[in-house]
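Trainee: Below is the sequence, then the predicted model.
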Amino acid sequence: MTVEITCTEAEFYDVMRESALGRMWLTWHRTNPEFFALFEQFTAEALRRGHKNLSGWLIANRVRWETSIVTKGNDYKISNNFIALFTRLYMVRNPQYVGFFRTKRMKRLKRDVFNPEGATE
């Protein structure tokens with residue numbers, strides 16, 4: 001099954017504002033922009049190395065590893081509930097990689113731009 005996404009990043013953020021989980025994620029994302037920069041960097045590295053798909057958890061845990069173990073600086077205490085939202089943001093920003101991260105319907109979102117049918121909070 002091919003997943004298509006036609007929303008812009010601004011529209012994605014609007015969808016996030018509709019649900020409690022999305023609002024919590026937006027607040028965390030605004031407070032910790034470095035996390036997503038590293039998420040994008042490590043995803044791009046995986047793509048360059050030829051991966052066709054990966055888990056968002058793998059990328060998020062690499063960010064955790066790099067910021068907790070390898071470098072001195074801020075550890076990212078990211079809620080596991082946010083990881084799926086970062087995978088969606090990555091694919092919204094990079095529509096040529098839609099499907100790189102597999103998505104399932106998120107019941108805690110009022111609308112899910114990747115799996116719109118039946119999403120409720």
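Mentor: Received it, and whenever you're ready, just let me know what you need.

Trainee: all helices for the chain, in order.
Mentor: In the chain, the helices defined using DSSP state H lie at 9-16, 20-31, 33-48, 56-65, 80-93.

Trainee: Make CSV out of these and add distance to Arg108 and mean pLDDT.
Mentor: In this view, the C-beta of every residue, glycine as well, is placed from N, C-alpha and C. What follows is those, written out as CSV (distance: least, Cβ to Cβ, whole Å; pLDDT from 0 to 100):
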stretch, distance to Arg108, mean pLDDT
helix 9-16, 11, 95
helix 20-31, 4, 94
helix 33-48, 20, 95
helix 56-65, 16, 93
helix 80-93, 7, 95
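
Trainee: So which of those helices is the most surrounded?
Mentor: helix 80-93 (a mean of 20; mean count of other Cβ atoms under 10 Å).

Trainee: Report all helices and strands that that one contacts.
Mentor: helix 9-16, helix 20-31, helix 33-48, helix 56-65 (3 or more Cβ pairs under 8 Å, 6 or more residues apart in numbering; DSSP states H and E).

Trainee: Return the residues in contact with the spatially most central residue of the chain.
Mentor: Central residue of the chain (Cα atoms, centre = their mean): Phe86, 1.2 Å from the mean position. Phe86 sits next to His29, Phe35, Phe36, Phe39, Gly56, Ala60 when contact means Cβ atoms under 8 Å, 6 or more residues apart in numbering.
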